[in-house]
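J.: got a predicted structure here, sequence first:
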Amino acid sequence: MNREQELKLRTEEFDRQRQKDVEEAKRRNTLAGKTRYYGDVMKHSLPKMPHNAGELPSYLELLIICLLCTKSRQKFSPNCLYHL
């Protein structure tokens, strides 16, 4: 392969990657894309919901503390036992 062909292939690859990035940005800016993103953030940052109904009040209390912890922009709240 000579230099001209190699340069042409790299240019085409760059153009394809740029087009792919533009399409991905459009997909992320849709309502579905934003919902998926924030759903994934919530899934990975909050504790799992208990199956036992008796544990539900303590879970909701923990959830409120965790949300207040993140809303106040602190890394971790001293009251948030989940993040200890």
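T.: Structure received. Treat the numbers as computed from the prediction; the structure is a model and nothing was measured.
J.: any low-confidence regions in the protein?
T.: 69-84 (pLDDT under 70).
J.: pull the longest helix from it.
T.: Using DSSP state H to define each element, the chain has its longest helix at helix 3-28.
J.: which other helices and strands contact that one?
T.: With contacts taken as 3 or more C-beta pairs under 8 Å, 6 or more residues apart in numbering; DSSP states H and E, helix 3-28 sits against helix 31-45. C-betas here are computed from N, CA, C, even on glycine.
J.: domains for this protein, by residue range?
T.: For the chain, the structural domains run 1-45, 52-84, going by automatic domain parsing.
J.: okay if I get those as TSV plus mean neighbour count?
T.: Converted to TSV, these look like this (neighbours: other C-beta atoms under 10 Å):
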stretch	mean neighbour count
domain 1-45	10
domain 52-84	12
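J.: follow-up on the earlier one: tilt between the longest helix of the chain and helix 31-45?
T.: Computed by axes from the mean of the first three to the mean of the last three C-alpha atoms, to 10 degrees, the angle separating helix 3-28 from helix 31-45 equals 80 degrees.
J.: from His44, how far off is the residue nearest to Lys34 when sequence neighbours are not counted?
T.: Using C-beta to C-beta, 6 or more residues apart in numbering and skipping residues adjacent in sequence, the residue nearest Lys34 is Arg28, 7.3 Å away. Counting by C-beta to C-beta, to the nearest Å, the gap from Arg28 to His44 is 17 Å.
J.: please compute how far the longest helix of the chain lies from its chain's middle.
T.: 25 Å (C-alpha atoms, centre = their mean, to the nearest Å).
J.: kindly report the same for stretch 28-35.
T.: Counting by C-alpha atoms, centre = their mean, stretch 28-35 comes out at 11 Å from the chain centroid.
J.: got a list of contacts for it?
T.: Where contact means C-beta atoms under 8 Å, 6 or more residues apart in numbering, the residues beyond stretch 28-35 that reach it are 27, 37.
J.: if we use 10 Å, what do you get?
T.: Under the contact criterion C-beta atoms under 10 Å, 6 or more residues apart in numbering, stretch 28-35 has outside partners 24-27, 36-37.
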